[in-house]
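Enquirer: structural data only, the sequence is not supplied:
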């Protein structure tokens, strides 16, 4: 039984330009943390990710949502978590602050993730193991599929999960070899050319086969120069992704993306405003065969549905600490599977939670095991930090979702 | 000079089912209020609208944004308000909580509206008069047109305003006759059939020529019955709008809207989730010639742009206490003008602020003076409540935007 709910506002200033992008120059990686204390002594820990100021608002909203969990047994909560998610996210008055976006939805993510963490701990297994051992029907019960009926009915969702069971054993070997990572930390916006060169070489030495550069400079030549430096160092076999963090207007994006084409980016990420589905649609068509990736600022399953329908996004970067938590992450991954679009999470959690979720996506949904973003800056703050070896995430073995922070 | 900033969390419980809809059964009309106290003794008052729980979050976010105004002269602030709006809405860390949506954007609305109120008071004129006396270039300076470049450049916006100046005098007579209203309060969701009959007759007696009914019942027959009751009472000349408040899934909406067609609704409002642009597009095509209206849950100009591009919305119900305030309201009205779509505001402000803005839209943008929603429930709480006579809003004459609340 959940006997206590603790809310924590955790903030971690970064050093030397780490985390900077074209739009967010001075981020303070922050977590709005929910801890559900069980009377057996277990603590379910979940969080949402923000950049600092306002993290306390998410904490307060999380406190509001989590009241309802007090006195409940986590197994009872999870039997119909989809129903609970639907009720909480549509809470009569709070709903008006979204619906299903912004501060309130981030708060719901923190609560949801704490529930999944406690559930896995209660069963004494890592979250990935809990998820792959649930039956298709049990998975569906944890999801809120409302407002998706036109593209994914309950029956279709069930059929996807059931269909993939047949071939799941073929994908189990990932549990031996680990999940590939890619390095986001070689090219933060404020890094000098020399620092980029150095970080890029380091990433290669560490075995990464994909890296990311922040673009979106006022001076386009800076973007082109930095991209060229990286391509020169890594050669043509390593994937290089470019991330503009919403900096460009559509006319700017059309121009700069053409200019960046020659360095053969694996994708261009968040070229313009994340609400602008039609702008992404126009851009995606114009810059073919270069592909677009986005999702870290897409707030919920409904907007993701629209992005999938638009054909604009070739990679979905859904983040379980930015949408409504593990539950909505799985919902979106199911839709993506139906549309044949890969899920490559953004990792506001530094990969802690997503290392579990990509294993589920690969084994149970049949998503390709492409690669998972890696950001090392908060490693020291987690009790069980992700382990990367030769560019590959090692499989976590501790019970839960690896999201506990040190005090 | 602004010497003090006061933030107030005002909540007004409603009685007897007032304010209820298919999704929000128990609303507490609430305002997150920003007051800017000038050293001349003037108080600029602005707010955002919520349904109760969480109003304090909007207040806190508004406190964060409004710090920047302390010590500034309102005339200086308004010279480039568009620039300020852009900077505030893209504040490095806070932006991550949206961007441009939810709690943080509501908070920006409150701050923005307080600025416009103080500006009008400083000049000693009602807000509508201030706005219609500004030059096109001065209006444009109050707007943030970023991320709209593909549909509305600065030049085009200026050209619309300048072009309409030629015929503005033809629309000035509205200042003598007043702006038509429509009555939203005849058919709240929880009202009994008898209460609806009674309110409907009262609205007719009061001179309204348009009324609204809340639909979205679990039992579709209830919607049909209630709609028929109203059509029977008002006859065929009075416009009747139906409002589902996002209740239906797309498959449900396709079915129920067909069934409701026979009572000839003037529009069907918020049929499904407000983020679902493609669902509205499909529905709008399927139920022609019946038209869709929406906007009270569309958070910003970018999503409105997409709705205009989709052709799904035949009426934009942008609300200046739900998007980023007066500034973004005007921006969206400019876009709507370009697309030839009428603006019929949702009135979270009970019409207090919008009675000014629709005059500007009509006179300076050439929008049709269709009608403005009227909700009477908070009348006693405003210092200068709207005056409705024979179904028509009388023109407010006090300096400011009519948004001051009693203490």
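Expert: Good, I have the coordinates. Worth saying up front: this structure is predicted, and the values here are computed from it rather than measured. Residues are numbered from 1 along each chain as shown, chains lettered A, B, ... in the order given.

Enquirer: wait, what's in contact with residue A:197?
Expert: A:229, A:233 (CB atoms under 8 Å, 6 or more residues apart in numbering or on different chains). In short, each C-beta sits where N, CA and C put it, glycine included.

Enquirer: right, and the helix or strand after the helix or strand it falls within?
Expert: Using DSSP states H and E, residue A:197 falls within helix A:193-205. Scanning forward in sequence from helix A:193-205 by DSSP H and E, the next helix or strand is strand A:210-214.

Enquirer: got the angle between that following strand and helix A:193-205?
Expert: Relative orientation of strand A:210-214 versus helix A:193-205 (axes from the mean of the first three to the mean of the last three CA atoms, to 10 degrees): 160 degrees.

Enquirer: what pairs with strand A:210-214, and is each one parallel or antiparallel?
Expert: Using DSSP bridges, strand A:210-214 pairs in its sheet with strand A:179-187 (parallel), strand A:239-243 (parallel).

Enquirer: which other residues reach it?
Expert: Here strand A:210-214 makes contact (CB under 8 Å, 6+ apart) with A:20-22, A:180, A:182-184, A:186-189, A:196, A:200, A:203, A:226-227, A:230, A:234, A:238-245, A:266, A:269, A:371, A:373.

Enquirer: about what we covered before: JSON lines for the strands paired with strand A:210-214, including mean pLDDT?
Expert: Below are those laid out as JSON lines (pLDDT from 0 to 100):
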{"stretch": "strand A:179-187", "mean pLDDT": "90"}
{"stretch": "strand A:239-243", "mean pLDDT": "96"}
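
Enquirer: Throw those into CSV and include mean neighbour count, thanks.
Expert: Shown next, in CSV, are the strands paired with strand A:210-214 (neighbours: other CB atoms under 10 Å in any protein chain shown):
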stretch, mean neighbour count
strand A:179-187, 24
strand A:239-243, 24
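
Enquirer: by mean pLDDT, flag the weakest helix or strand of chain A.
Expert: The least trusted helix or strand in chain A, going by mean pLDDT, DSSP states H and E, turns out to be strand A:179-187, with a mean of 90.

Enquirer: who touches it?
Expert: Residues outside strand A:179-187 that contact it (CB under 8 Å, 6+ apart): A:18, A:196, A:199-200, A:202-203, A:206, A:208-214, A:226, A:230, A:239, A:241, A:347, A:351, A:355, A:358-359, A:362, A:369-377, A:388, A:391-393, A:395.

Enquirer: could you tell me which of those residues count as buried?
Expert: A:18, A:196, A:199-200, A:203, A:208-214, A:226, A:230, A:239, A:241, A:347, A:351, A:355, A:358-359, A:362, A:369-375, A:377, A:388, A:391-393, A:395 (16 or more other CB atoms under 10 Å in any protein chain shown).

Enquirer: poorly predicted segments of chain A, please.
Expert: For chain A, no stretch has pLDDT under 70.

Enquirer: ok, how many other residues are close to the closest residue to chain B within it?
Expert: Closest to chain B within chain A is residue A:102: 1.8 Å, counting by CB to the nearest CB. Close neighbours of residue A:102, defined as other CB atoms under 10 Å in any protein chain shown, add up to 28.

Enquirer: distance of the spatially closest residue to it that is not a sequence neighbour relative to residue B:377?
Expert: Of all residues not flanking residue A:102 in the chain, residue B:102 sits nearest, at 1.8 Å (CB to CB, 6 or more residues apart in numbering or on different chains). Distance, residue B:102 to residue B:377, by CB to CB, to the nearest Å: 25 Å.

Enquirer: same deal with residue A:323?
Expert: Distance, residue A:323 to residue B:377, using CB to CB: 35 Å.

Enquirer: got CSV for the strands paired with strand A:210-214, with distance to residue B:340 too?
Expert: Output for the strands paired with strand A:210-214, formatted as CSV (distance: least, CB to CB, whole Å):
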stretch, distance to residue B:340
strand A:179-187, 45
strand A:239-243, 38
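
Enquirer: got the contact list for the residue nearest the centre of chain A?
Expert: In chain A, the residue lying closest to the centroid (CA atoms, centre = their mean) is residue A:319, at 2.1 Å. Contacts for residue A:319 (CB under 8 Å, 6+ apart) come out as A:49, A:295-296, A:329, A:345-349, A:354.
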